[in-house]
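Student: turn this into a model:
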Amino acid sequence: MSVYMVIETKSNDPATYAKYIQKVKPIVERFQGRYLVRGGTITPVFGNWLPERVIIIEFPSQKQVREWLNSVEYKEISALREASVSTKAVLIEGCAETDFQRENKEER
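Tutor: This next block holds a predicted model:
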């Protein structure tokens, strides 16, 4: 089952964060991560949540996320992130396909 890493960042050093952004994508992809959202326009819908930047990465499993975060390649660049942004992140398990979703696919 897929797992999604949802990350909220607020930059305090845009130049250093730009270096991190440039280096992190190929490492994420090496661990089978796929960016679904990487910045972009944010439109509040409910509440007062207006993050500066949101990133959503899909991985095949939590195992790949853990391997990515613990990899030598990621550890080499993680100091760039730590020095340039405040970060909040969570892992969210995807949902299994329901009977309703399967039926709708079959009808198409």
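
Student: just give the nearest non-adjacent residue to Ile77, would you?
Tutor: Lys23 (4.8 Å; CB to CB, 6 or more residues apart in numbering). Backbone N, C-alpha and C define where each C-beta goes, glycine included.

Student: got it, and Val24?
Tutor: For Val24, the closest residue by CB to CB, 6+ apart turns out to be Ile77, at 6.3 Å.

Student: isn't there a helix covering the one you found?
Tutor: Yes. Checked against DSSP: H, G, I helix; E, B strand; the rest coil, Ile77 lies within a helix.

Student: still on that earlier bit, give me the element the residue nearest to Ile77 is part of.
Tutor: Using DSSP states H and E, Lys23 sits in helix 14-30.

Student: any stretches of the protein with poor pLDDT?
Tutor: 97-104, 106-108 (pLDDT under 70).

Student: can you pull out the strands in it?
Tutor: Using DSSP state E, the strands assigned to the chain run over residues 3-11, 34-38, 53-59, 85-93.

Student: what's in contact with the first one?
Tutor: With contact meaning CB atoms under 8 Å, 6 or more residues apart in numbering, strand 3-11 is reached by 17, 33, 36, 51-62, 65, 84-94.

Student: swap in the second one?
Tutor: Under the criterion CB under 8 Å, 6+ apart, residues Tyr4, Lys25, Val28, Val54, Ile55, Ile56, Ile57, Glu58, Phe59 lie in contact with strand 34-38.

Student: most neighbours among these, which one?
Tutor: Neighbour tally across those (other CB atoms under 10 Å): the maximum, 24 neighbours, falls on Ile57.

Student: tell me who's in contact with that one.
Tutor: Ile57 touches Tyr4, Met5, Ile7, Val28, Gly33, Arg34, Tyr35, Leu36, counting by CB under 8 Å, 6+ apart.

Student: and it, bridged to which residues?
Tutor: Met5, Tyr35 (DSSP bridges).

Student: please tell me how far it sits from Ala15.
Tutor: 23 Å (CB to CB, to the nearest Å).

Student: next one: Gly33
Tutor: For Gly33, the distance to Ala15 - CB to CB - is 25 Å.

Student: out of those two, which sits in the more crowded spot?
Tutor: Using other CB under 10 Å as the criterion, Gly33 and Ala15 rank with Gly33 on top: 20 against 8.
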